[in-house]
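Asker: Prediction below, plus the sequence it came from.
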Amino acid sequence: MAEGKKQKVMHKKLARDVYQALEDVVGKRWINEKRSLVETYSKLSIEGMTFVRKHQKDETILPACVVLPGSTEEVQSIVKICNRYGVPFVPFTNGQVFCTPTNDVPTLVIHLSRMNKIINIDAENMAATLEAYVDYAQLQAEAMKQGLWNGGTPLATTLCKLSSQFSFAGLWQTDLKYGLLNRNIVSVKMVLPDGEILTIGSRCLPKAGDYWEYGPGPDLLGIQRGGAGSNGIVTEITVKLHPWAGDETLPEVPHGRPSLEDVHDPKYDSPPPPANHKLYWIEFNDMETQIKTMRDISHAGIAIGLNATGVYSAYYCSQTQEMTWDRCENKFFPDYNCYAILAGITSPKQIEYEEKVLKRIVQRNGGTFLSADHKPEVLEALKPWNLDCIRHTCGYRMNRKMYASAWLPTGPFEVAKQTQQFWSDALNAFGECDITDRGGADDTPFLYALQRGRFSFAEVDNYPDPTNPDEIVKAAGFGVYGMARLVKENVCPCLMAFLSVEPFTTMFPEVGPDQHILFRKIRKVFDPKGVNAPGRQVYTKEEWENAPAELKQMVNKMREMVGLEAVQ
Amino acid sequence: MAEEKNEKKVFEKDLDDYRDQVWGCARCNWCQNQWGWNVKSAEFSEICPAFHEYRFFPYSGMGKMHMARAILEGDFDYEDAPELAEFVYTCTTCGACEMNCQRMQDKEPLKVNEALRAKLVADGIGPMPDHKKLISSVKSYDNPWMQPRTQRKRWAKKIGIKDVNKEPAETLYFVGCTTALDPSMTKAAQDTANILLKAGVDLGTLGQNELCCGSPIARIGDRETFFELARRNIDRLNALGLKEIVTSCPGCYRAIKLDYAEIPDVPAINFEVLHTVQYIDRLIQEGRLTFTKEIPLKVTWHDPCHLGRHCGIYEEPRNILKALPGIEFVEKERIKDQSWCCGGGGGARTAFLEFAQVTAAKLIDEVKKTTGAEAIVTCCPFCEQNIGDVLARTGDSLQLIDLTDLVVRAL
């Protein structure tokens, strides 16, 4: 097999009594520590440093064992065993980010893949209760049958389980109307890091029912939101539902279904929008006009979703890597743009009214609708969005090499301008990893209008070659530079926990200030033995002291580069 | 800017040719789930039979990518991971992961897994013990079922069909090993021949000289044996001066139509390849087949993976069903490119019978819950074996019918 010279990477195993205790909980079938199996729980998709660790043959990236609980009670028993024996554990759904072990202590992965049932849809009170592994497509498919939906789907419907989205933010296409997922939660049931079960929301009182997110006393949901899997394991989640204007199922693509022989034919990516929904694309000459128009549309109270896409259209709407690169190079998609999703929720006439308002705003501000008369070929290419705006499917199309780092700043719409400037500075400082990295510098960053435009969320990313560790390290430099620059320039910390995972939590004491000290105290309360994803979101004092020196040096280098003092 | 595509043929590629892909797996999980736009219920939202059953990632396309990466980089070897072959072979090669990953990430987890299988075979680690018997049978008897060659022509005893070894024919019926040799499948062979002959097709067979197409061997990863079979078949078939060949088996269809062209240093085939459903649909369109009898039956169609998802033959069988008088055709929830595999392909039924049958049981469950059909209709001997076994074992009243049977009934 491998040419003999290559260095093996072997995982540590749990003590036998621990393994046996876990097996007693879940049964032989649902526990496994085989070498090839743990491999599949170790390289993540968008955490660039796990790629570097793979290249470095870092054995500590491998979990010791993977266990698949089937119920809240089994999760609780597993967590109690981990506390009893001092075994660290990481909760795991799909493994996109932040779920590999961070240290050399044999670590258990608790993969929730068996907990994938919709427990209940309460149509009268517009809420759905789900097990932890249910994804957006599953929920939406069932909710639509009852004239409801969950208000949107982020990134990729199957990538995102609602429970793990609660642990981050749950950003989606329709935030304009419905807000982030983590503001659409009624209640959660969690197994805390010490093995206690916590029920948050109105159902914390037996038989009170699921109707809002608060129970008596301090807002526990607020403490758990954005926990990045570090504050316990969500085993059940109840989310709000909203009226759905479309049919019971999404429409079929008129050109039929692809086969493996012709899967890249763009005709299969040209769905119509769902019934009673319309998608409008608008092009602008510059960022100023884009921002003004997005603000005006938001304030007018129309549309359920409003976002600007920039380079992302090249990823999402191109069927191959070559097409993506070609379209980036040739500036196929408009540099400045936005799309507005209109829905006839109250009646079909709602769309007519909103369309009039939209056209008036666009005309007044100087935008141009993509249409049969203006760039029809671009409008045709953008058709995947017709369904993606409602059930995000192509939205994680990785027609690029890999995600390595991302900046996710929030703020008023002008945050797009700041992001564009800072990203350009980073490109000048580090150089691009791939032509797609120019997205956000030469055109608009991805820009989401949230909550009627009260604030927005910008995104820029870079995409190195995953087989080239030097390029990934360079991309990681972008990420750390971004953190430092955003803090230096007082741009609000990112929503999706990117500033509340270590080493950033500790190494940016400007946030809070000294937010990490309070976080440490909270962690101590919830996780007295420090077994839940240690070293992930909040270091203990000891973990900080033991954190790799090179990691601290890397962050400090970027801090100094932007004019912040080094952290000791 | 665009990097040059790797122009190697599929069967020339080894794991190293997929290095960029295996490093770049984005863990989007589309390899386990239906394409998002097509999900119609929570219960039937998944698409990978192995992950659905076992729930650990190595059973998914994503898991195969990650294991392949580790093997490629020498992170572990076979001694460290004796379980590897089981993960690699617990896969029906249905191609659902490949479909969604190609569409989403421009990557090929099934081809990666097949390259991994080929490596295991080349290194003496694969295939699974039961696969070795199958390969041995092909080498000894030219079929995977340990049947003497003379058995191949028994199905045609009472049918006046040409023997192309003795007289030329325009169209060759390439029956396939399973259809010709499994007693439960020979009726499909007879029905196919009768339909084509009735339509006036100048039809012949190779009789006992027909060879295994090599499809099961290719899927298992024994490239050397597959190449040899392909060469023998191409030489023999090309020499016959045929206009076209018709196959009953989607595996044969895919192998001869697509896989042979991906083998290095073999001649191109000089005839058209059609599956029975394509041929019958064409005969109906041309008015050469007309139906006179009503069949009062509510049916659904099961897309065999190697015919549907792999080759895009979706509409032809549906056209036929819609043309049959009395047939009420209803679709199940997962269809066409997103169809749920029966569990019988890729060597899974041979090596992991229980898994194969659990997968078929899930298909039956979907049919019952989403269609109300009285019968599943399909056109693949492997699907019919696998689904048929489960229906027989459970005494289920749901019927399983080969499409040619319905056509004969309606003539």
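Answerer: It's in. All values reported here derive from a predicted model rather than from experimental measurement. Numbering: from 1, shown residues only, chains lettered A, B, ... in the order given.

Asker: List phi and psi for the residue of the stretch 1-150 of chain B found nearest chain A.
Answerer: Closest to chain A within the stretch 1-150 of chain B is B:Gly74: 2.7 Å, counting by Cβ to the nearest Cβ. Bear in mind the C-beta positions are built from the backbone N, C-alpha and C, glycine included. In terms of degrees, to the nearest 10, the main-chain angles of B:Gly74 are phi 70, psi 30.

Asker: for chain A, what's the longest helix?
Answerer: Assignment by DSSP state H gives helix A:469-488 as the longest helix of chain A.

Asker: Packing partners of that helix?
Answerer: helix A:48-55, strand A:405-407, helix A:415-430, helix A:549-562 (3 or more Cβ pairs under 8 Å, 6 or more residues apart in numbering or on different chains; DSSP states H and E).

Asker: lowest-confidence stretch among the ones you listed?
Answerer: Of all these, mean pLDDT reaches its minimum on strand A:405-407 (a mean of 86).

Asker: Figure out how far it is from the centre of its chain.
Answerer: Its chain's average C-alpha position is 11 Å from that of strand A:405-407, according to Cα atoms, centre = their mean, to the nearest Å.

Asker: Summarise which helices and strands it is packed against.
Answerer: Short answer (3+ Cβ pairs under 8 Å, 6+ apart): strand A:405-407 packs on helix A:415-430, strand A:455-462, helix A:469-488.

Asker: 7 Å instead, please
Answerer: In this structure, strand A:405-407 makes packing contacts with strand A:455-462, helix A:469-488, judged by 3 or more Cβ pairs under 7 Å, 6 or more residues apart in numbering or on different chains; DSSP states H and E.

Asker: Grab the nearest non-local neighbour of B:Phe44.
Answerer: B:Glu333 (4.8 Å; Cβ to Cβ, 6 or more residues apart in numbering or on different chains).

Asker: So the one you found sits against B:Val367, correct?
Answerer: No: B:Glu333 lies out of contact with B:Val367 (Cβ atoms under 7 Å); the separation is 9.3 Å.

Asker: helix/strand/coil for the nearest residue to B:Val390 once chain neighbours are set aside?
Answerer: Distance criterion Cβ to Cβ, 6+ apart; nearest residue to B:Val390, sequence neighbours excluded, is B:Ala360 at 4.5 Å. When classified by DSSP: H, G, I helix; E, B strand; the rest coil, B:Ala360 comes out as helix.

Asker: need the residues of the stretch 151-300 of chain A near chain B, please.
Answerer: A:156-159, A:249-250, A:256-263, A:271 (Cβ under 7 Å from any Cβ of the partner chain).

Asker: check contacts around B:Phe329.
Answerer: B:299, B:321-322 (Cβ atoms under 7 Å, 6 or more residues apart in numbering or on different chains).

Asker: which residues of chain B score low on pLDDT?
Answerer: B:1-6 (pLDDT under 70).

Asker: if you set the cut-off to 50 instead, what comes out?
Answerer: Residue ranges of chain B with pLDDT under 50: B:1-4.

Asker: give the contact list for B:Pro144.
Answerer: Contacts of B:Pro144 (Cβ under 7 Å, 6+ apart): B:134, B:137-138, B:177, B:212, B:216.

Asker: now, among the residues you listed, which is nearest to B:Lys198?
Answerer: B:Cys177 (25.3 Å; Cβ to Cβ).

Asker: out of the helices and strands packed on strand A:405-407, deepest packed?
Answerer: strand A:455-462 (a mean of 26; mean count of other Cβ atoms under 10 Å in any protein chain shown).

Asker: does chain B sit close to that strand?
Answerer: No: counting by Cβ under 7 Å from any Cβ, chain B is not contacted by strand A:455-462; separation bottoms out at 12.3 Å.

Asker: One more: stretch A:41-50?
Answerer: Yes: with Cβ under 7 Å from any Cβ as the criterion, chain B is reached by stretch A:41-50 at A:41, A:43-45.

Asker: Which of those fall within strands?
Answerer: Among the residues of stretch A:41-50 next to chain B, no member falls in strands (DSSP state E).
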